[in-house]
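In: Predicted coordinates and the sequence they were generated for:
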Amino acid sequence: MTERKVRITLDGDAVEAEEGTTVLEVARSLGRSVPTICYHEATTANAVCRICVVDVRGQRLLQPACVLKAADGMDISTRGERVERARRTILEMLSSTMDLSEADEIIGMMQEHGAHADRFPGARRRETPLIDDNPMYVRDYSKCLLCWRCVQVCAEDAQYTFALSFDGRGYDTQIGTFFDRAIPQTTCVLCGQCVAVCPTGALKSKREHLLESGLTPAEVTTQATGRRRRGTRGQPGTRAGSRRGAQ
Ligand code: SF4
């Protein structure tokens with residue numbers, strides 16, 4: 001069956017695209033730059049971060065390109081002052097409320113869009129203790145922007161283990177486990193896919209974390225092998241007992 005084509009205008013150019021294609025896909029196929037943060041090719045797009053918003057003529061609100069399907073007659077601008085202002089504000093709100101020190105791509109976006117890290121000096125920052133409760137990875141939700149990628153790869157998008165989910169409400173929402181359990185007490189199989197898709201360093205391999213903490217590669221290996229041997233006999237540790245501040 002032949003795919004139906006739709007005709008749109010993108011930044012002034014007449015473009016044909018297959019029906020069902022998102023505006024982000026069309027723009028990228030033409031080499032146009034549209035920034036994304038929560039979007040990842042391996043996960044279902046959910047328009048969580050809104051950094052990819054575009055201006056569609058006739059629509060009051062900016063639309064997220066990652067989920068917006070191209071439709072006949074759409075006249076879309078991926079640039080312009082309205083779009084730029086929205087992207088800049090999103091970046092400024094992120095930098096005012098969380099630790100972006102390891103989010104190189106986002107720091108690059110801030111420079112590109114002229115975003116000021118100190119735009120909202122009174123904002124409440126997300127500050128939580130690092131969680132070190134398993135042999136595979138550590139979690140530092142001070143660096144989490146709630147992009148949802150880790151939850152998605154842990155669920156239907158890849159692993160089907162459902163160990164991670166949203167926790168809390170409103171401003172206090174964060175990624176967590178059911179009943180706030182330590183990772184070894186959840187369905188987590190330590191596959192590492194959540195670490196691989198995290199864009200900010202909020203999830204980090206234990207090895208990398210230990211090296212950054214000043215341990216030598218030999219010391220890291222000793223710790224890892226010692227932990228594995230102990231792990232065959234002992235009970236998994238509790239999350240509360242393994243937080244950095246509690247050690
Ligand atoms: S931990 Fe990382 S991948 Fe998960 S929601 Fe936060 S920033 Fe996204």
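Out: Sure, I can see it.

In: residues near the residue nearest to R4 when sequence neighbours are not counted, how many?
Out: Nearest in space to R4, with sequence neighbours left out and distances taken as CB to CB, 6 or more residues apart in numbering, is E19 at 4.3 Å. C-beta here means a position set from N, CA and C on the backbone, and glycine is covered the same way. E19 has 12 neighbouring residues, counting by other CB atoms under 10 Å.

In: Please apply the same query to G73.
Out: 10.

In: Which residues are in contact with it?
Out: Under the criterion of CB atoms under 8 Å, 6 or more residues apart in numbering, the contact list for G73 reads 7-8.

In: How much space separates it from the ligand?
Out: 35 Å (CB to the nearest ligand atom, to the nearest Å).

In: Secondary structure element holding that residue?
Out: For G73, there is no host helix or strand (DSSP states H and E).

In: How much space separates it from N134?
Out: The gap separating G73 from N134 is 52 Å, by CB to CB, to the nearest Å.

In: Next: L91.
Out: Remark: distance between L91 and N134 (CB to CB) = 32 Å.

In: more neighbours, these two?
Out: Taking other CB under 10 Å, L91 and N134 do not tie; L91 has more neighbours (27 against 22).

In: Give the helix, strand or coil label for the nearest residue to the more buried one once chain neighbours are set aside.
Out: Leaving aside its sequence neighbours, L91 sits nearest to A115 (CB to CB, 6+ apart; 3.9 Å). Under DSSP: H, G, I helix; E, B strand; the rest coil, A115 falls in the coil class.
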